[in-house]
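Asks: Here's a sequence, model it:
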Amino acid sequence: MKPIFLELRHLKTLIALKETGSVSMAAKRVYLTQSALSHQIKLLEEQYGLALFERKTQPLHFTAAGERLIKLAQDILPKVIEAERDLARVKQGEAGELRIAVECHTCFDWLMPAMDSFRRHWPLVELDIVSGFHTDTVGLLLSHRADWAVVSEIEVTPGIIHKPLFSYEMVGLCAKDHPLAAKAVWEAEDFIDQTWITYPVPDDMLDLLRQVLKPAGVDPVRRTSELTIAIIQLVASKRGVAALPFWAAKPYLDRGYVVAKKITSQGLYSNLYAAYREADADSAYIDDFYETVKAQSFSTLPGLSVLE
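Replies: Predicted structure coming up:
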């Protein structure tokens, strides 16, 4: 058999397997088919004569050999990325400005750590968040009041590029002794007699309303709050129910403040994308910020899915 030399693509595949815990999700993350990824791993295992992870475990459980290669990947890949950043700085310069606009209240939970990581690599790029919650982030890009935005839908606009960040599940939240706590799955009719506690955003930005409630003709009483913790407190005191991203609710679920339930048997999923001006597509630090946000999110947020 022709020797298979360990390459950076193998290490990236192993990291994707480690962070997603799934062959199918890892394949999407590294832009391979599931069969191509499995073949890549099989060739490595044949080369070393060792299994790298246990099949049919969820999430994947790596063997000692697999963990050793994971450690190698964790040691080497950051150095490769740093070297590539250095080359980009030499080519394009290190200074610049990056103003970020968001249209989701929970974005700051994962955006701030990504910004901290980015600052360490691009200290001369001035990072700033455009103050407030925005419903027209693309408009801010076009008017040059922002340089990079987080959006929940792709609205095809001349001069604007959209790139996928990730997909995540929205879960229903209620108090531990609420009547709906006994149901494993919530359907639209379960919201009829409830007070729905949500962020003060337009209806077309509420996925629960657009995807589940409105098609079923359900329009529950609503109460709004700007803060996630305030929504959790209202839910915990049985003032109503809510629907939040799983990763945003998880700290409060772990503490037992509230319980989470699946919304519809298929689940309720939302997407996030990055948007920026086409004229900035060749900017090294804007591209690196996108990669930093994706890497930081998948390594720290639970329950994310790769978005194509």
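Asks: where do the strands sit along the stretch 1-150 of the chain?
Replies: Ranges of strands within the stretch 1-150 of the chain are 53-54, 61-62, 96-102, 125-129, 148-151, based on DSSP state E, counting those that start in this stretch.
Asks: and those as JSON lines, adding distance to A243?
Replies: Quick note: C-beta positions are derived from backbone N, CA and C, even for glycine. Listed next are the strands of the stretch 1-150 of the chain as JSON lines, based on distance: least, C-beta to C-beta, whole Å:
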{"stretch": "strand 53-54", "distance to A243": "35"}
{"stretch": "strand 61-62", "distance to A243": "32"}
{"stretch": "strand 96-102", "distance to A243": "19"}
{"stretch": "strand 125-129", "distance to A243": "25"}
{"stretch": "strand 148-151", "distance to A243": "19"}
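Asks: out of the ones you listed, deepest packed?
Replies: With neighbours taken as mean count of other C-beta atoms under 10 Å, the strands of the stretch 1-150 of the chain reach their highest mean count in strand 148-151, at a mean of 23.
Asks: Can you name every helix or strand that that strand contacts?
Replies: strand 96-102, helix 137-142, strand 268-277, helix 284-300 (3 or more C-beta pairs under 8 Å, 6 or more residues apart in numbering; DSSP states H and E).
Asks: quick one: which of these is nearest E45?
Replies: Across the helices and strands packed on strand 148-151, E45 has its closest neighbour in helix 284-300 (24.4 Å, C-beta to C-beta).
Asks: Tabulate the helices and strands packed on strand 148-151 (JSON lines), appending distance to L111 and mean pLDDT.
Replies: JSON lines is the format used below for these (distance: least, C-beta to C-beta, whole Å; pLDDT from 0 to 100):
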{"stretch": "strand 96-102", "distance to L111": "7", "mean pLDDT": "88"}
{"stretch": "helix 137-142", "distance to L111": "13", "mean pLDDT": "90"}
{"stretch": "strand 268-277", "distance to L111": "10", "mean pLDDT": "94"}
{"stretch": "helix 284-300", "distance to L111": "7", "mean pLDDT": "88"}
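Asks: now those as a markdown table including distance to L173?
Replies: Compiled in a markdown table, the helices and strands packed on strand 148-151 are given as follows (distance: least, C-beta to C-beta, whole Å):
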| stretch | distance to L173 |
| --- | --- |
| strand 96-102 | 22 |
| helix 137-142 | 26 |
| strand 268-277 | 12 |
| helix 284-300 | 21 |
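Asks: between these, which one is nearest to Q74?
Replies: Closest among those, using C-beta to C-beta: helix 284-300, at 10.4 Å.
Asks: what's in contact with the closest one?
Replies: Residues from elsewhere that reach helix 284-300 (C-beta atoms under 8 Å, 6 or more residues apart in numbering): 19-20, 29, 85, 88-89, 91-92, 96, 98, 110-111, 113-114, 117-118, 121-122, 125, 147-148, 163, 165-166, 274, 276, 280-281, 304.
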